[in-house]
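Q: predicted model follows, preceded by the sequence.
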Amino acid sequence: MPKPLTILALDTCTETCSAALTVNDQVFSLIADAPREHSQRLLPMVDDVLAQAQVALADVDLIAYGRGPGSFTGIRICTSMTQGLALGLDLPVIGISTLAAMAQAAITEAGATQVLCSIDARMNEVYWGQFIAKEGIATLVGEEHVSAPEAVELLLDTEHAIHACGTGFQAYPQLLTLAPHITLCTAVTYPDAKYMLILAQQGYQQNLHTTVDELAPVYLRDTVTWKKLPGRE
């Protein structure tokens, strides 16, 4: 039986900053709400999870990174940190959707079978995607989008329970009225790197990983013209 992959996962795409590591089927993780400190906090968090697991970066087989959507600054920090870590050791990388990571958290922690994820994109828009659980893995239905809240269209089965995750529902609570059985999953507001690990494992098996030179952030918006809000990335 092949040895389980040692995977390091990083995310700084939203207000939170997180790092996680799986080694020999054990998970070590850290998360912090540090909107303006991602660039200072992430590498110490990586060092911390590696130390907890008693492994070196050279022992890592794959780096998973939050590829977006989220704040442009946060996505750039995550991709540049991933490049810095992966380049010296020529490690393969895999981008994981922040929306998928939230959906995976709802599936893992709340037993969700259908998940609508939405991140406040500012400028009266939301990033959103919808997912179903397939063998316990968050699987995208349709595509990920950025749009006005009123343009969100459900492809999920509206006759059955739908878990709602993310800051988009705090900013635009009317999204909770899209279907009769939508329930806000209050335990999942932001992506967390530890829920990227299983998605990275699956993506690796599907040969979706790349070299660090092919690292590909996802902004969803066609333009990077974006106004920072005070205190936010």
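A: Done, it's in.
Q: can you give me the strands for this protein?
A: In the chain, the segments counted as strands under DSSP state E are 7-11, 16-23, 26-33, 62-68, 93-97, 114-120, 126-134, 137-147, 162-165, 182-184.
Q: quick check: which ranges of the protein have low pLDDT?
A: Scanning the chain for pLDDT under 70 picks out the ranges 1-2, 222-233.
Q: now do the helices in it.
A: 38-53, 72-89, 98-110, 168-171, 196-205 (DSSP state H).
Q: which residues does the shortest one contact?
A: Contacts with helix 168-171, where a contact means C-beta atoms under 8 Å, 6 or more residues apart in numbering, come from 117-121, 126-128, 149, 175-176, 184, 189. Yep, even glycine has a C-beta here, placed from its N, CA and C like the rest.
Q: leaving out sequence neighbours, find the closest residue to residue 219.
A: Nearest non-adjacent residue to residue 219, counting by C-beta to C-beta, 6 or more residues apart in numbering: residue 68, 5.8 Å away.
Q: my bad, should have said residue 113
A: residue 133 (4.9 Å).
Q: so that neighbour sits against residue 140, correct?
A: No. Counting by C-beta atoms under 8 Å, residue 133 stays clear of residue 140, with 11.7 Å between them.
Q: higher neighbour count, these two?
A: residue 133 (19 against 15; other C-beta atoms under 10 Å).
Q: centre-most residue in this structure?
A: residue 98 (2.4 Å; C-alpha atoms, centre = their mean).
Q: please name the residues that touch that one.
A: Contacts of residue 98 (C-beta under 8 Å, 6+ apart): 11, 13-14, 66-70, 119, 191.
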